[in-house]
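Student: Attaching a predicted model along with its sequence, questions to come.
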Amino acid sequence: MDAQRPAPDPWLSVVICTYNRADILRGSIESLLGQTGETGTFEILVVDNNSSDNTAEVAQSYADQGIRYIFEPAQGLAHARNRGYTEARGEYVAYLDDDARADPAWVAGIRAIVRDADTPPVGVGGPIYPYYLSEKPDWFLDEYEIRTWGDAPRFLEKGEFFSGSNMVFSREVLACFGGFDTDLGVKGDTLNLGEETRLFSKIWDGFRETNLFYYSPPLKVYHLVPADKMNLHYFFKRRFMVGQSSLHSVFSPIDIYKKISLTLGFSAFILYKSLVAVLKLPLYRSFHTWVIECMNPVIVGLGLVCACVGIRCSFGQFKIAESER
């Protein structure tokens, strides 16, 4: 009887980080199990970030299909993502959110880019489109949740970056730059941001080359927009936290004189953008649309100013209703 051959090492490790979303996690896993085209050998890792629901049971129910379940007790998305790449066996590590769905040709598309490139890119990514499991308000447009760098494939320019639910990195590069900053990012039910931007900034600063991150429009991912996210309250919270986290993810480290300069500069910016927004108000039929399209820089600026003067705010993360699971 022939000895059983060991499974070949995967070229890609897809990491799903999750926290207390056992039911909706299934959709993310199923979207990866249903991949089509020339995918090669890839693995799927579910990193449970200290969930208190039945996440472990759901993830382990897929063990016979090769899903690897990993428990990460340190609370925080950055901790979970870092645990994912350290446990990964693939040359590349892809991140997919637990409430996202990968296009059926997602893995095959990543493989084609990496395989056919003269010089393999440091990272790969594509657009993110919304999907809904609840009724969308009339004023809420799909474009508010679309993340794209256009309709043509290209390398990103310095300062550009991929969004968290559709980004792929070389595992070697993740290890070289220490992964994601664990002082930033979502922690449990607390909204925080910036760990992705911070990592991209470090990588951009660490290479002389410019052709690092390759953007491909066909690499589509669909991300859930729950009802709790389609309101102005959440919009204010998230955009404010974009400003708060930017101080640490983009401008860090900075001294007191830089903070004073930024405070004055952004305060003037807020006043100017507020005046522009007020002048545009009569052009809008919907107050909600005006807030989202005109007040965004004002709210982000407020977050930055508060961070500069040492005011740190904490907000709860959005919830996914039972009807959306």
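Tutor: Okay, I see it.

Student: Give me the phi and psi for G301.
Tutor: With angles defined as degrees, to the nearest 10, G301 sits at phi -60, psi -40.

Student: I meant S286, not that one.
Tutor: phi -110, psi 130.

Student: Then the one 4 residues further on?
Tutor: The phi and psi values for W290, taken as degrees, to the nearest 10, are phi -60, psi -40.

Student: now the strands: where do they sit in the stretch 201-325 of the chain?
Tutor: 213-215, 221-224, 315-316 (DSSP state E, counting those that start in this stretch).

Student: mean confidence for the first one?
Tutor: What strand 213-215 shows for mean pLDDT is 96.

Student: Partner strands of that strand and their direction?
Tutor: With DSSP bridges as the test, strand 213-215 is paired with strand 123-125 (parallel), strand 154-155 (antiparallel).

Student: Adding mean neighbour count, write the strands of the stretch 201-325 of the chain out as TSV.
Tutor: In this view, the C-beta of every residue, glycine as well, is placed from N, C-alpha and C. As requested, those are exported to TSV (neighbours: other CB atoms under 10 Å):
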stretch	mean neighbour count
strand 213-215	23
strand 221-224	22
strand 315-316	14
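
Student: A22 is nearest to which of these?
Tutor: strand 221-224 (14.6 Å; CB to CB).

Student: which stretch among the strands paired with strand 213-215 comes nearest S246?
Tutor: Closest of the strands paired with strand 213-215 to S246 is strand 123-125, at 20.2 Å (criterion: CB to CB).

Student: Low-confidence stretches in the stretch 201-325 of the chain?
Tutor: 248-253, 318-325 (pLDDT under 70).

Student: in it, which spans are helices?
Tutor: Taking DSSP state H, counting those that start in this stretch as the test, the helices found in the stretch 201-325 of the chain are 232-249, 256-280, 287-294, 296-308.

Student: any chance of these in CSV, with distance to I113 too?
Tutor: Formatted as CSV, those follow (distance: least, CB to CB, whole Å):
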stretch, distance to I113
helix 232-249, 26
helix 256-280, 38
helix 287-294, 33
helix 296-308, 32
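
Student: for E43, helix, strand, or coil?
Tutor: strand (DSSP: H, G, I helix; E, B strand; the rest coil).

Student: and the closest residue to it other than its chain neighbours, how many neighbours?
Tutor: Using CB to CB, 6 or more residues apart in numbering and skipping the chain neighbours, the partner closest in space to E43 is P10 (4.3 Å). By the measure other CB atoms under 10 Å, the count of residues near P10 is 18.

Student: about what we covered before: out of the strands paired with strand 213-215, flag the one nearest Q317.
Tutor: With CB to CB as the measure, strand 123-125 is the member of the strands paired with strand 213-215 nearest Q317 (23.2 Å).

Student: ok, residues contacting the closest one?
Tutor: With CB atoms under 8 Å, 6 or more residues apart in numbering as the test, strand 123-125 has contacts from 92, 110, 113-114, 162-163, 166-170, 173, 203, 212-216, 219.

Student: cutoff 7 Å now
Tutor: 110, 113-114, 162, 166-170, 212-216, 219 (CB atoms under 7 Å, 6 or more residues apart in numbering).

Student: Selection in ChimeraX covering whichever of those residues are buried, please.
Tutor: Remark: buried members of the contacts of strand 123-125, expressed as a ChimeraX selection using 16 or more other CB atoms under 10 Å:
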select :110,113,114,162,166,167,168,169,170,212,213,214,215,216,219
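
Student: need the strands of the stretch 201-325 of the chain in a markdown table with distance to G37, can you?
Tutor: As requested, the strands of the stretch 201-325 of the chain are exported to a markdown table (distance: least, CB to CB, whole Å):
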| stretch | distance to G37 |
| --- | --- |
| strand 213-215 | 18 |
| strand 221-224 | 16 |
| strand 315-316 | 40 |
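
Student: Between those strands, which one is closest to K258.
Tutor: Closest among the strands of the stretch 201-325 of the chain, using CB to CB: strand 315-316, at 26.1 Å.

Student: tell me which strands and helices the closest one is in contact with?
Tutor: Counting contacts by 3 or more CB pairs under 7 Å, 6 or more residues apart in numbering; DSSP states H and E, strand 315-316 packs against strand 190-191.

Student: ok now the strand it packs on, how far from the chain's centre?
Tutor: Relative to its chain's centre, strand 190-191 lies at 14 Å (CA atoms, centre = their mean, to the nearest Å).

Student: Same check on stretch 273-285?
Tutor: 31 Å.

Student: cool, stretch 50-64 as well?
Tutor: Worked out by CA atoms, centre = their mean, stretch 50-64 lies 22 Å from the chain centre.
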